[in-house]
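Q: Below is the sequence, then the predicted model.
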2 protein chains.
Amino acid sequence: MTLHPVLVAGRWRAADASSEFRARDPRTGDAVGDTYPTSRWSDVDEALDAAAAAARALRAASPDVVADFLEGYADRIEARAGEICALAGQETALPTETRLAGIELPRTTGQLRKAAAAARAGDWAQATIDTAAGIRSVLEPIGPVVVFGPNNFPLAFGSASGGDFAAAVAAGNPVIAKAHPLHPGTTRLLAEEAHSAAESAGLPPGAVQLLYDVDHAEGERLVADPRVGAVAFTGSRSGGLALKRAADAAGTPIYLELGAVNPTFVLPGALAERGAAIAGELAGSCLLGTGQFCTNPGLVLTVAGDRAEALVEGVADAFRSAPAGTLFSGSGRDGLARAVAALRTAGAESVVGGGPEDGTHAVHQNTLLRVDGAAFLERHAALQEEAFGNAMLVVVAADEDELVRSASLLEASLTGCIVSAHDGGDDALYGRVQAELRPRVGRLLDDKMPTGVAVSPAMHHGGPFPAAGHPGFTAVGVPGALRRFAGLACYDNVRPHRLPPLLADANPRGAWRSVDGEYTKDPIASDTLETNR
Amino acid sequence: MTLHPVLVAGRWRAADASSEFRARDPRTGDAVGDTYPTSRWSDVDEALDAAAAAARALRAASPDVVADFLEGYADRIEARAGEICALAGQETALPTETRLAGIELPRTTGQLRKAAAAARAGDWAQATIDTAAGIRSVLEPIGPVVVFGPNNFPLAFGSASGGDFAAAVAAGNPVIAKAHPLHPGTTRLLAEEAHSAAESAGLPPGAVQLLYDVDHAEGERLVADPRVGAVAFTGSRSGGLALKRAADAAGTPIYLELGAVNPTFVLPGALAERGAAIAGELAGSCLLGTGQFCTNPGLVLTVAGDRAEALVEGVADAFRSAPAGTLFSGSGRDGLARAVAALRTAGAESVVGGGPEDGTHAVHQNTLLRVDGAAFLERHAALQEEAFGNAMLVVVAADEDELVRSASLLEASLTGCIVSAHDGGDDALYGRVQAELRPRVGRLLDDKMPTGVAVSPAMHHGGPFPAAGHPGFTAVGVPGALRRFAGLACYDNVRPHRLPPLLADANPRGAWRSVDGEYTKDPIASDTLETNR
């Protein structure tokens, strides 16, 4: 079997490989598909040079070229959808039809098209004009972006196809995609289409590049390289923090999305109103995709009583009756088992499941744990370890005060939910919990499970460190996600014919701009200029 | 002489001092004024606790309270202007009337009032609403901000009065100000007024705190403390990078403004048109404030020829005829002398000056150095060392290609200027230089010296690392500067009565918001909601 080439400097060419690897079918553990290279530094170095050249060319290119690429790429993904989803299903064990073809692929092409529209419109760049002072500023591309994709969304967060990719390109940057080694074939198919679309649209060579794998040391060297403009990483805390150390030392912005336990509070009034329904929602959200979501509700907090017991029992019933899904890998199962064991060591009791499923490669029992609030207050750090997969820990606080104190000890998360009574009976407690929870999470939800992450301009998929790398930026949502991959560029007294189009008086794109403190899509009238200059 | 108390937890109280210090008159080197403490950790720890409590209280406070404080503080500074400027003049040797009272104090109060207006208006927080999805997001306070002020603007960048302070407070955060030890008395007077204004406005205790000094290790411990939301530092590269390492390890956003050489290109056509005037502008900009500006034009690049020689001679004449100003300190003079010596070691020749002025405490000769382009290409790193003060290095490139290659080797700077012919004769070369310079600087200027930093919404006082800490944020300009001190907070399906005012349908502040992709100050009409929900 031949070793697949890497996509570097505008062509598919043989890798300088230090080793080779194949994907494994998570259902069996058997190696499947083709063989892929782990690249040595020479591949990385050539990709960095090509990306630097592409960044320069892209700065001079029209956003329409970039948008054409993103749209053409979305079309090509749809044309090859069957093959892509089939291979992704084999590599990840995600349901090919219901999840990959039904949800994730449309999300992926939708993101690419929204990013294209954002590039064409130009609103994302926040053009700001002070006509009296003759000063204008706008966000401009930051330079080559290295994207590390996660294991859990091979398409929608894929390094060469997902939200980070789309946002980085739409902002005018080349991308060096580092594939996740659990789905190299899926990434290859996507990158093939990206490359073809890039050639069709006339993007510079090096605008889209793919390396299947680099070892950890080379990855750190990559993100610290001065040719890199920014880094986007979605994945485990340990991996992300190692890259952050390297990027920070070089002063390179790195945007992390590291997952979280996503605390969900179920208040007493809500339990009284609709406890059974809430149990069903919690179980459904936690088991969706075998729990392998960054926003999985892994930690549920409620107040002791019969209704809390009924809630636990309701979730337990659902966990018992639902078949345990297949995780992405045996190592993922081992990681989940270790986390569950650690939670038990810290005092959590097993209600359902608690360990790997015998006779399988990557199946862990649906696992429900519980602990009382006093134990949580005492060992809150250990009891907030993320168990990535189909596992949930319920904290049963003795009373409302203990619930609020528990909230005050939460680490940063991407999301936090509060489920409260519709009749307003929980509102006082809601206020106390919210005051603790709000500053600790990126997205606060009422009465809604966190696992849906809408691609909305108002979405925030991020949060305080260490859930994310910087609390001001979202990884999902257009145009917000684009702003991560830009630097502010100010033009002071620059002659009109030299201004970039987004800052020109005529506003040729009709972009939203802040002109003298007011937002408008209008061009700047010549009388304004005469008055103010 | 008694040791001045620190401002911690809402009161002036005796410091837990590890040592004491006094300011020195830069003209004589003699200790002047009162005695101030270097605080031990217990002071810092109490300030952090108080700041955390204040952050919680401020989250629930109206922006009007914050704005009242900022405006009241500005009024109080003006009422005590004479005393403040006199003491600042003594501690810094800056001209009391022309610089401090005439320029810096009005800039300071103007910034405070602009920040107040921004807090009242709420536009800064970029409220974004997706009515169909029921998702809303807005920037919210990041938590306690530690501000390290620089030596060179005791009022306008002062830790308890300047742009970082105003922006952090206007965004709803408490500030722990760490005074610059060269002007502790000035900072004390300002903090006294800040404290009184805070009490009058009803800010929580701990919203404004002042420590005069901490040693380096405690400073690093401070910025890494989990109670800190963000850090702002303006000053030397070595000090800033040490704090950055500590803050990065804790995942705390740190915004740096570290100065730069601020390359200024003078193109041949401009020299032909107005060489003598340009020489005068360069000399004036470089000697202003004895060159102690972050945006001082320390590196000038031009193309060889008679007119380049005339430019050098014109600057030289101005440098010879202008009296050498007094720097902020003897150590500042020593640092400048070391930098000038290093530039000479790297191949620069002295045209004027070159060393300290004998018989003074803090005067360095106005110093003009030159080097040819070939040497710059060879030793570009050494020749870009910042010489903070009244010194300039002119690079005389052999030809246009060498000028462009020199531009391609520039490190990041806050500003970059290109002075070109009005008749368009330099436009081709401008394009080549601009392509290199633009991505390397935060603010690009045409035909204008960089030392004026207007407090404009379109200003960018920042740039790529290591001129600044993150390329997307400005340290000067309202409302942009506020956004550094905020995190994105998303509300997903949150009930209307629980939304913060900036996200409520009624839009009670009339803030600019992005609603379903369009900017508007209007409330959200109920029919929109009925249609979309």
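A: Happy to help now that I have it.

Q: For the rest of this, base every contact and every neighbour count on C-alpha atoms.
A: Fine.

Q: Break down the stretch 251-400 of chain A into its helices, ranges please.
A: Along the stretch 251-400 of chain A, counting by DSSP state H, counting those that start in this stretch, helices occupy A:268-287, A:306-321, A:330-345, A:373-378, A:400-407.

Q: Can you lay out those as TSV showing mean pLDDT, mean neighbour count and distance to A:Gly143?
A: Putting the helices of the stretch 251-400 of chain A into TSV (pLDDT from 0 to 100; neighbours: other C-alpha atoms under 10 Å in any protein chain shown; distance: least, C-alpha to C-alpha, whole Å) gives the following:
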stretch	mean pLDDT	mean neighbour count	distance to A:Gly143
helix A:268-287	98	20	38
helix A:306-321	98	19	47
helix A:330-345	97	20	34
helix A:373-378	98	19	45
helix A:400-407	98	20	40
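
Q: got a markdown table for these, with distance to chain B too?
A: Shown next, in a markdown table, are the helices of the stretch 251-400 of chain A (distance: least, C-alpha to the nearest C-alpha, whole Å):
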| stretch | distance to chain B |
| --- | --- |
| helix A:268-287 | 14 |
| helix A:306-321 | 22 |
| helix A:330-345 | 24 |
| helix A:373-378 | 18 |
| helix A:400-407 | 14 |
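
Q: Identify whichever of those lies nearest to B:Pro37.
A: Among those, helix A:400-407 comes nearest to B:Pro37, with 37.2 Å by C-alpha to C-alpha.

Q: CA atoms only: put the closest one into PDB for me.
A: C-alpha atoms of helix A:400-407 as PDB (Å, rounded to 0.1, in the frame of the first residue of the first chain):
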ATOM      1  CA  GLU A 400     -29.900  25.700  48.100                       C
ATOM      2  CA  ASP A 401     -26.900  27.300  49.900                       C
ATOM      3  CA  GLU A 402     -24.800  24.300  49.200                       C
ATOM      4  CA  LEU A 403     -25.900  24.400  45.600                       C
ATOM      5  CA  VAL A 404     -24.800  28.000  45.300                       C
ATOM      6  CA  ARG A 405     -21.500  27.300  47.100                       C
ATOM      7  CA  SER A 406     -20.900  24.500  44.600                       C
ATOM      8  CA  ALA A 407     -21.500  26.900  41.800                       C
END
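
Q: Just the element for A:Gln90, please.
A: Assigned by DSSP states H and E, A:Gln90 falls within helix A:81-92.

Q: List the buried residues for that helix?
A: Neighbour-count burial for helix A:81-92 flags A:Ala81, A:Ile84, A:Cys85, A:Ala86, A:Leu87, A:Ala88, A:Gly89, A:Gln90, A:Glu91, A:Thr92 (criterion: 16 or more other C-alpha atoms under 10 Å in any protein chain shown).

Q: quick one: the first one and A:Gly102 touch, right?
A: No - using C-alpha atoms under 8 Å, A:Ala81 makes no contact with A:Gly102, being 10.5 Å away.

Q: burial count for A:Ala117?
A: Using other C-alpha atoms under 10 Å in any protein chain shown as the criterion, A:Ala117 is surrounded by 21 other residues.

Q: same check, this time on the one 5 residues further on
A: Counted with other C-alpha under 10 Å, the neighbours of A:Gly122 add up to 23.

Q: quick one, phi psi at it?
A: phi 80, psi 0 (degrees, to the nearest 10).

Q: List the residues that contact it.
A: By C-alpha atoms under 8 Å, 6 or more residues apart in numbering or on different chains, the contact set of A:Gly122 is A:Leu502, A:Arg509, A:Ala511, A:Trp512.

Q: Can you redo the buried residues of helix A:81-92 as CSV, where the extra columns are distance to A:Ala127 and pLDDT?
A: What follows is the buried residues of helix A:81-92, written out as CSV (distance: C-alpha to C-alpha, whole Å; pLDDT from 0 to 100):
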residue, distance to A:Ala127, pLDDT
A:Ala81, 38, 98
A:Ile84, 39, 98
A:Cys85, 40, 98
A:Ala86, 43, 98
A:Leu87, 43, 98
A:Ala88, 40, 98
A:Gly89, 43, 97
A:Gln90, 45, 97
A:Glu91, 43, 97
A:Thr92, 42, 97
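
Q: and of these, the nearest to A:Pro523?
A: Using C-alpha to C-alpha, A:Ala81 is the member of the buried residues of helix A:81-92 that lies nearest A:Pro523, at 42.4 Å.

Q: overlap between the buried residues of helix A:81-92 and the residues near chain B?
A: Near chain B, judged by C-alpha under 8 Å from any C-alpha of the partner chain, there are no entries from those.

Q: Show me which residues of the stretch 151-300 of chain A are close to chain B?
A: A:Arg245, A:Asp248, A:Ala249, A:Gly251, A:Thr252, A:Pro253.

Q: run the last query once more with 6 Å
A: Contact residues (C-alpha under 6 Å from any C-alpha of the partner chain) of the stretch 151-300 of chain A with chain B: A:Gly251.

Q: Report the residue spans of the stretch 151-300 of chain A with pLDDT below the cut-off.
A: Within the stretch 151-300 of chain A, no stretch has pLDDT under 70.

Q: Surely A:Leu369 and A:Gly353 touch.
A: No - counting by C-alpha atoms under 6 Å, A:Leu369 does not reach A:Gly353; the two are 8.5 Å apart.

Q: what about the two, which has more around it?
A: Neighbour count, other C-alpha under 10 Å: between A:Leu369 and A:Gly353, A:Leu369 has more, with 23 against 19.

Q: ok, the more buried one to A:Glu309 distance?
A: Distance, A:Leu369 to A:Glu309, by C-alpha to C-alpha, to the nearest Å: 13 Å.

Q: so which of the helices of the stretch 251-400 of chain A comes closest to B:Tyr73?
A: Of all the helices of the stretch 251-400 of chain A, it is helix A:400-407 that lies closest to B:Tyr73, at 36.2 Å by C-alpha to C-alpha.

Q: Now tell me what touches that closest one from outside.
A: For helix A:400-407, contacts defined as C-alpha atoms under 6 Å, 6 or more residues apart in numbering or on different chains pick out A:Ala397, A:Val433, A:Glu436.

Q: Highest neighbour count among those?
A: Neighbour max across the contacts of helix A:400-407 (other C-alpha under 10 Å) = A:Ala397, 25 neighbours.

Q: can you pull the contacts of that residue?
A: A:Val303, A:Ala304, A:Asp372, A:Gly373, A:Leu403.

Q: Okay, helices next: where are they in the stretch 1-150 of chain A?
A: Under DSSP H, counting those that start in this stretch, the stretch 1-150 of chain A gives helices at A:41-59, A:63-79, A:81-92, A:105-121.

Q: any idea which of the ones you listed is most buried?
A: Greatest average neighbour count among these goes to helix A:105-121 (a mean of 24), per mean count of other C-alpha atoms under 10 Å in any protein chain shown.

Q: average pLDDT for it?
A: Here helix A:105-121 scores 98 as its mean pLDDT.

Q: distance between that helix and the chain's centre?
A: 16 Å (C-alpha atoms, centre = their mean, to the nearest Å).

Q: and the angle from it to helix A:81-92?
A: Relative orientation of helix A:105-121 versus helix A:81-92 (axes from the mean of the first three to the mean of the last three C-alpha atoms, to 10 degrees): 120 degrees.

Q: just to revisit the earlier point, find the residues that touch each one of A:Leu369 and A:Gly353.
A: Residues touching both A:Leu369 and A:Gly353 (C-alpha under 6 Å, 6+ apart): there are none.

Q: What residues of stretch A:349-365 count as buried?
A: Neighbour counts over stretch A:349-365 (16+ other C-alpha under 10 Å) mark A:349-357, A:361-365 as buried.

Q: List the contacts of the closest residue to chain B within the stretch 201-350 of chain A.
A: The minimum distance from the stretch 201-350 of chain A to chain B, using C-alpha to the nearest C-alpha, falls at A:Gly251 (5.7 Å). Each residue near A:Gly251 by C-alpha under 6 Å, 6+ apart is listed here: B:Phe465.

Q: can you do 8 Å?
A: A:Gly251 neighbours (C-alpha under 8 Å, 6+ apart): B:Phe465, B:Pro466, B:Gly469, B:His470.

Q: On the three-state scheme, the last one is what?
A: In other words, B:His470. coil (DSSP: H, G, I helix; E, B strand; the rest coil).
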